[in-house]
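> Can you look at this prediction? I've put the sequence above it.
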Amino acid sequence: QVQLVESGGGLVQPGGSLRLSCAASGSELGYYFIGWFRQAPGKEREGILCISNSDDSTYTEDSVKGRFTISRDNAKNMMYLQMDDLKPEDTGVYYCAAAILVATQCDGDEYENWGQGTQVIVSP
C-alpha cells in the first residue's frame, strides 16, 4: 500500500494557475498507475488525468485538455497536477490516487490508494 497526501489547493481567479502536489510514502510510486480525480459540488467524482506505470501513456479528460498536465517524479516519490487557464467549472476537491493494475486507465473504482483531497476554488 502507498499513502498519499495532496497539497497546493486554494482560491484562484479564472485564468490563473495552480500546481497540486501529491507526496507518496510506504511504497515506490513508480510501480503504480497514478491519477488525479476531482469531485465538483453536486457531481460525481471523475478521473481527469491518469498515467500508466509502464509506458507513461496518459488519459486526459476532454474538459482539461490543453490546460492541465500530470507528471511524476519517481526519485522524489511525488506526482503533480499543473493546472493552467483555470475556469470556474474546475472548482472542486482534487484527489490523487494510485493503483497497481487497472483495466480502464482513469476509472476511480479501480484505484485502491487515495489521498485526502485538496480544495480548489476558481472564482473572481
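It's in. Numbering: from 1, shown residues only.
> Arg67 - how many residues pack around it?
Arg67 has 15 neighbours, counted by other C-beta atoms under 10 Å. For the C-beta atoms, the positions are set from N, CA and C on the backbone; glycine is no exception.
> Tell me where the protein has strands.
For the chain, the strands defined by DSSP state E cover 3-7, 10-12, 18-25, 33-39, 46-51, 58-60, 68-73, 78-83, 92-99, 113-114, 118-122.
> Contacts only, for the residue nearest the centre of the chain.
Nearest residue to the geometric centre of the chain (C-alpha atoms, centre = their mean): Trp36, 1.8 Å. Residues in contact with Trp36 (C-beta atoms under 8 Å, 6 or more residues apart in numbering) are 20, 22, 47-50, 68, 70, 79, 81, 94-97.
> List just the nearest of those to Thr60.
Leu49 (5.6 Å; C-beta to C-beta).
> Wait, that closest one touches Gly35, no?
Yes: proximity of Leu49 to Gly35 meets the contact threshold set by C-beta atoms under 8 Å, at 6.4 Å.
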